[in-house]
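K.L.:
Sequence first, then the predicted structure:
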Amino acid sequence: MSDTSSQLAELRIAIDEIDSEILRLFTERARLVVRVGEVKKLAGIGVYDPERERRILERLADLAVDPIDADTIRRVFERIIDESPRIEQRLTSRG
């Protein structure tokens with residue numbers, strides 16, 4: 001195996017490990033979202049809180065560090081937040 005191939009293989013393994021950790025954390029986050037939804041339902045609180053979403057996106061965008069910029073962080077987390085109600089609905093409808 002050439003030096004370049006070896007380096008690429010090592011880097012790809014590292015990326016795969018990080019991807020697995022991101023997936024683990026995303027799963028943990030989704031479980032917490034479902035729990036929040038259950039608490040809100042019991043308390044009669046509305047599910048969607050645009051101000052909370054705005055604060056989350058702003059806080060995370062402020063944490064952006066090169067090579068990732070604030071707009072990328074916003075787009076990624078907007079997608080994660082957009083999926084949360086669907087995940088919650090799917091899981092709570094099974095009960």
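P.N.:
Sure, I can see it.
K.L.:
next structured bit after the host helix or strand of Glu51?
P.N.:
Secondary structure from DSSP states H and E places Glu51 in helix 50-62. Next helix or strand after helix 50-62 toward the C-terminus (DSSP H and E): helix 70-92.
K.L.:
what does that following helix contact?
P.N.:
Contacts to helix 70-92, defined as CB atoms under 8 Å, 6 or more residues apart in numbering, come from residues 26, 29-30, 33-34, 37-38, 41, 47-48, 53, 56-57, 60-64. Just so you know, the C-beta spots here come from the backbone N, C-alpha and C atoms, and that holds for glycine as well.
K.L.:
what about it, distance to the chain center?
P.N.:
7 Å (CA atoms, centre = their mean, to the nearest Å).
K.L.:
Alpha carbons only: can I get it in CSV?
P.N.:
Only the C-alpha atoms of helix 70-92 are listed here, as CSV (Å, rounded to 0.1, in the frame of the first residue of the first chain):
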residue,chain,number,x,y,z
ALA,A,70,-21.9,29.9,11.2
ASP,A,71,-24.2,29.4,8.2
THR,A,72,-23.2,25.8,7.9
ILE,A,73,-23.9,25.2,11.6
ARG,A,74,-27.3,26.9,11.3
ARG,A,75,-28.2,24.7,8.2
VAL,A,76,-27.1,21.5,9.9
PHE,A,77,-28.9,22.2,13.1
GLU,A,78,-32.0,23.5,11.4
ARG,A,79,-32.3,20.1,9.7
ILE,A,80,-31.8,18.3,13.0
ILE,A,81,-34.4,20.5,14.7
ASP,A,82,-36.8,20.0,11.7
GLU,A,83,-36.6,16.3,12.1
SER,A,84,-37.3,16.3,15.9
PRO,A,85,-41.1,16.5,15.6
ARG,A,86,-41.2,13.7,13.1
ILE,A,87,-39.0,11.5,15.4
GLU,A,88,-41.2,12.4,18.4
GLN,A,89,-44.4,11.6,16.5
ARG,A,90,-43.1,8.3,15.2
LEU,A,91,-42.0,7.2,18.7
THR,A,92,-45.0,8.4,20.7
